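Q: just to be clear, the model below is a prediction. Sequence and coordinates:
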Amino acid sequence: MVHINNFYTLKLIYYAHFHSIIKHGIIFWSTSSNSRKIFTLHKKIVTLMAGAQPRTSCRSLFKQLEILPVPCHKVLLLINLIINNHEIFQTNSSTYSINTRNKHHFRRPNANLSYFQKSTFNAGIKIFHSLPPRVTILKNDNAKLKASLKKYLHIQSFYSVDELFTCKDVSQFYFCEMLVVFCTVNLYIYVFHILLSL
């Protein structure tokens, strides 16, 4: 692949020969013990495409090439599955009459069997609840949700689904910081106008 200079051609080869294969049935085989080998192969392919050294960290390469890592593909396809079949799931508000902040969340059925807890639908609901509110709020608009989720996954480039569960959405902190700066600047302008009017 290194001798192909055209990046567009490299991406076409990637999507035709590798992406289509890993995407097929990923929500079912991604819990397999072989999924780690496939992700390692995925990282090698991305390293070759970028022309980087073998020991280079691939997280930045995934972002640079705008390719989702294998775990992010799983997240994307699971969320698509949940959203496309949302009518079969109950929400918390349909089960309980109490008005809570999570009333619009999908309800996960209680079950002690680990087989059920690891099921595709259960995992999809858990992942959906772990996404930032700016993504989940779009659950009634498939196109916008998918675009927002893809953008979020490209920025984060998770190496495992567990990283998604522990990730704090940094954009919320940036928004709060920008709000504080905006309010402070407006306060200074207000005080300045008062001083000028004296």
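A: That came through fine. Just so you know, these numbers come straight off a predicted model, no measurement behind them.
Q: output the lowest mean pLDDT helix or strand found in this protein.
A: helix 170-197 (a mean of 60; mean pLDDT, DSSP states H and E).
Q: flag every buried residue along stretch 57-73.
A: Residues of stretch 57-73 classed as buried: 58, 61-62, 65, 67-73 (neighbour count, 16 or more other C-beta atoms under 10 Å). Heads up, the C-betas are built off the backbone N, CA and C, glycines and all.
Q: that stretch - what's its average pLDDT?
A: Mean pLDDT, computed over stretch 57-73, is 89.
Q: got the CA positions of that stretch in PDB?
A: Coordinates of each C-alpha in stretch 57-73 appear next as PDB, following Å, rounded to 0.1, in the frame of the first residue of the first chain:
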ATOM      1  CA  SER A  57       0.500   5.500  18.300                       C
ATOM      2  CA  CYS A  58      -2.400   4.900  16.100                       C
ATOM      3  CA  ARG A  59      -4.900   7.000  18.000                       C
ATOM      4  CA  SER A  60      -3.800  10.200  16.300                       C
ATOM      5  CA  LEU A  61      -3.600   8.400  13.000                       C
ATOM      6  CA  PHE A  62      -7.200   7.300  13.200                       C
ATOM      7  CA  LYS A  63      -8.200  10.900  13.800                       C
ATOM      8  CA  GLN A  64      -5.900  12.100  11.000                       C
ATOM      9  CA  LEU A  65      -7.300   9.600   8.500                       C
ATOM     10  CA  GLU A  66     -10.900  10.100   9.700                       C
ATOM     11  CA  ILE A  67     -11.300   6.300  10.200                       C
ATOM     12  CA  LEU A  68     -13.100   4.900  13.200                       C
ATOM     13  CA  PRO A  69     -11.300   2.200  15.300                       C
ATOM     14  CA  VAL A  70     -13.100  -1.100  15.600                       C
ATOM     15  CA  PRO A  71     -14.700  -0.400  19.000                       C
ATOM     16  CA  CYS A  72     -16.100   2.900  17.600                       C
ATOM     17  CA  HIS A  73     -17.700   0.900  14.700                       C
END
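Q: cheers, nothing more for now.
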